[in-house]
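Peer 1: generate a structure from the sequence data that follows.
(one chain, ligands or ions: 1)
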Amino acid sequence: MSRKLFTNCHIVDVNSRTVTPGAILTENGTILQAGPDVSGTADEVIDLNGQYVMPGLFNCHTHICLPPDPAVNYNRTDCQITMLALDHLRQFLNTGVTFIRDVGGVNFIDIDIRNAAAAGKVTAPDMQVSGKCICMTGGHGWQMGREADGADDCRKAAREQLKAGANWIKVMGTGGVMTEGVEPGSPQLDEDELRAAIAEGHKVGAKACTHSQGMTGIKNALRAGVDSIEHGFYMDDWCFDWMKEHDVYYVPTLAAMYWIKVNGISAGIPEYAVRKVNATFEDHLSTFRNAYKAGVKIVLGTDAGTPFNPHDKTAYEMILMTEAGMDVWDALRAGTITAAEMCGVAKTHGSIEAGKKANLAVFAEDPTRNLETVMDCRMTVLGGEIVYRK
Ligand SMILES: [Zn+2]
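Peer 2: Below you'll find the predicted structure:
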């Protein structure tokens, strides 16, 4: 039995939306007590000098197998990709991220690493993974995905991911930015194909997410039963009403488009990618604002692994979301408790409460007053262990 007392800190409570002085007592990786009146003995006392403790952050749209190079390179060996992925996971930990949902891996490396981490052989954030994305032949992500055509083949493709151990099914509903020759607005997998893959996941309790940017593909995916919309450049009130009624989450990944826009062609990003982002950037932001106003549940994901979108800037998505009009508490919740709800882990993750896993991120200042502080993590605690300290 190992008890740690994190004392002399401020607790950022994303449930009550309050920041209060207090302490956190953990036992064997679980939060035993948290608040102003913590009592009991500990084997180790960690004085946090008045700093601010958040629940460990979530990044719910990552690609650990892809580095943030200007152009995508699909010519790496599995060993090279694994080395990159392990480095990316370390970057997450060093920036307060203790949970990721990876939505598009290469050769099941994401699944192997998740299993190794669960077995204690690798130190990594808690992970849910999708295996390979399922796309139509020549569709967005085909270079690393599982190409599938027709409902039967999509069903089989989903079964392959589940057999390998995927937690989520990732389906490509439209074209995308980083694949040459496809357009964000064009639908890709058809509704019956999406439905077949999504239903296969639902049979075993695995949720499904869709890369979908244009409205037709988004509506196909929603009608097909998808659980989260990734990117979502174009959505109307019908989409928002459906999402609220069916508990569908929105992961806008504002950072992905932002980094492409601010770096541009001169930094080496392919012309086709910059053109597609410039053509949709403002529409994406207004869709984000409309979704937020409509009360759609919004979750933090950055799409880390796209151009200049590194694995150590998860929290920047919160800054972009607040700049686009989101309340700071809602942004903090998007990266913690709302994310935990989407991933089905809110009983154990996403807030600082007795009984939950001791995943914590420590920042120097009050993030509700100075959100920039989330870009400078001082300490990360994973399952009660300090895995990063500045
Ligand atoms: Zn992505």
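
Peer 1: can you pull out the strands in the stretch 51-200 of the chain?
Peer 2: Secondary structure of the stretch 51-200 of the chain (DSSP state E, counting those that start in this stretch): strands at 52-55, 57-62, 97-102, 126-129, 134-135, 146-147, 168-172.

Peer 1: mean confidence for the fourth one?
Peer 2: Rounded to a whole number, the mean pLDDT of strand 126-129 is 98.

Peer 1: who's in contact with the residue nearest the centre of the chain?
Peer 2: Centrality entry for the chain: nearest residue to the mean C-alpha point is Cys60, 1.2 Å, by Cα atoms, centre = their mean. Shown in contact with Cys60 (Cβ atoms under 8 Å, 6 or more residues apart in numbering): Ile100, Arg101, Ser228, Val251, Val299, Leu300, Gly301, Ala339, Met342, Cys343. All C-beta atoms are positioned from the backbone trio N, CA, C, and that covers glycine.

Peer 1: ok, Cys79 next?
Peer 2: Residues near Cys79 by Cβ under 8 Å, 6+ apart: none.

Peer 1: hey, which helix is longest across the protein?
Peer 2: Identified as the longest helix of the chain according to DSSP state H is helix 271-294.

Peer 1: what residues sit buried inside that one?
Peer 2: Neighbour counts over helix 271-294 (16 or more other Cβ atoms under 10 Å) mark 272-274, 276-277, 280, 284-285, 287-288, 291-292, 294 as buried.

Peer 1: what lies in contact with that helix?
Peer 2: Applying Cβ under 8 Å, 6+ apart, the set of residues contacting helix 271-294 is 177-178, 180-181, 183-184, 213, 231-235, 237, 240-241, 243-244, 250, 252, 254, 257, 260-261, 264-265, 298, 307, 321, 324-326, 330.

Peer 1: now the buried members of those residues.
Peer 2: The neighbour-count test (16+ other Cβ under 10 Å) marks 177-178, 183-184, 213, 231-235, 240, 243, 250, 252, 254, 257, 260, 264, 298, 307, 321, 324, 326, 330 as buried among the contacts of helix 271-294.

Peer 1: out of those residues, which sit inside helices?
Peer 2: Phe240, Met243, Leu254, Met257, Ile260, Met321, Asp330.

Peer 1: quick check, nearest of these to Asn220?
Peer 2: Within those, distances to Asn220 taken as Cβ to Cβ reach their minimum at Met243, with 14.1 Å.

Peer 1: so where's this protein shaky on pLDDT?
Peer 2: Along the chain, segments meeting pLDDT under 70 span 1.

Peer 1: domain assignment for it?
Peer 2: With automatic domain parsing as the criterion, the domains of the chain are listed as 3-55+350-389, 57-342.

Peer 1: which of those domains sits most buried?
Peer 2: Highest mean neighbour count of these: domain 57-342, a mean of 21 (counted as mean count of other Cβ atoms under 10 Å).

Peer 1: next one: the residue nearest to the centre of the chain from Asp303, what distance?
Peer 2: 10 Å (Cβ to Cβ, to the nearest Å).

Peer 1: show me where this structure has its helices.
Peer 2: Under DSSP H, the chain gives helices at 78-93, 109-118, 151-164, 191-203, 215-223, 237-246, 254-263, 271-294, 316-323, 328-334, 337-342.

Peer 1: before we move on, the earlier item: adding distance to Gly138, write the contacts of Cys60 out as JSON lines.
Peer 2: Output for the contacts of Cys60, formatted as JSON lines (distance: Cβ to Cβ, whole Å):
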{"residue": "Ile100", "distance to Gly138": "29"}
{"residue": "Arg101", "distance to Gly138": "26"}
{"residue": "Ser228", "distance to Gly138": "24"}
{"residue": "Val251", "distance to Gly138": "25"}
{"residue": "Val299", "distance to Gly138": "30"}
{"residue": "Leu300", "distance to Gly138": "31"}
{"residue": "Gly301", "distance to Gly138": "25"}
{"residue": "Ala339", "distance to Gly138": "32"}
{"residue": "Met342", "distance to Gly138": "30"}
{"residue": "Cys343", "distance to Gly138": "31"}
